[in-house]
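J.: Sharing a model prediction with you, sequence too.
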Amino acid sequence: MEEQLLNLYAQLIKEATRLEVYTIRAEKDQRPELAQMYKALTLSHRAQARRILLQVRGFISHSDENLSLVIDEELPGFLTKYERCHQLAVEANNKAVATGCDHALRITQINLQLAKRAQEERQLPDTFFICDFCGFIASAKLPEACPICTAAARRFKKVC
């Protein structure tokens, strides 16, 4: 049952993200009524996913165990997937996908170091800034530009 719930959760998050992109495109196409509908669907999917995650919470371990799982399995698993995706994109001469996978790989390496720091020091900055284009996490201080994708500081969202 846990596996089915987690698969459903993953599918809802995937679809919510796709709908978010549809929202951006509808706004670009000057279709505010579609953008609004897509945004509503996005929020609905995220609410459903959150509810499923709450139902799975009995399967979630203690925070220290979760952090170990992130460090030992989850982030390294993404590193492997991004490396493979990058390799396939290079072989297909798809520069946009290769760049995106390279950025994701670099960000995941940084995120792994952040998680290890949390495990070792048990103290992290109070504030993080997330680049809403590539997902880079800056800690404590807003950068002038993203060191990964070069997005301007205005693209960063503060997480407290």
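T.: Perfect, thanks for sending it. In this text the structure is predicted, and so the values were computed from the model without any measurement.
J.: Chain neighbours aside, what residue packs nearest to the spatially most central residue of the chain?
T.: Residue closest to the mean C-alpha point of the chain, counted by CA atoms, centre = their mean, is G135 at 6.2 Å. Sequence neighbours aside, I107 is the residue nearest to G135 in space, at 5.4 Å (criterion: CB to CB, 6 or more residues apart in numbering). Every C-beta, even on glycine, is put in place using the N, C-alpha and C of the backbone.
J.: Pull out the buried positions in the strand or helix carrying the one you found.
T.: Secondary structure assigned from DSSP states H and E places I107 in helix 95-121. Of the residues in helix 95-121, those scored as buried under the neighbour-count criterion (16 or more other CB atoms under 10 Å) are 98, 100-108, 110-112, 114-115.
J.: With respect to L12, which of these is nearest?
T.: The closest of these to L12 turns out to be A104 (CB to CB; 21.3 Å).
J.: can you tell me the distance between the two ends of stretch 150-160?
T.: One end of stretch 150-160 sits 23 Å from the other (CA to CA, to the nearest Å).
J.: Name the residues that touch that stretch?
T.: 126-134, 138, 142-146 (CB atoms under 8 Å, 6 or more residues apart in numbering).
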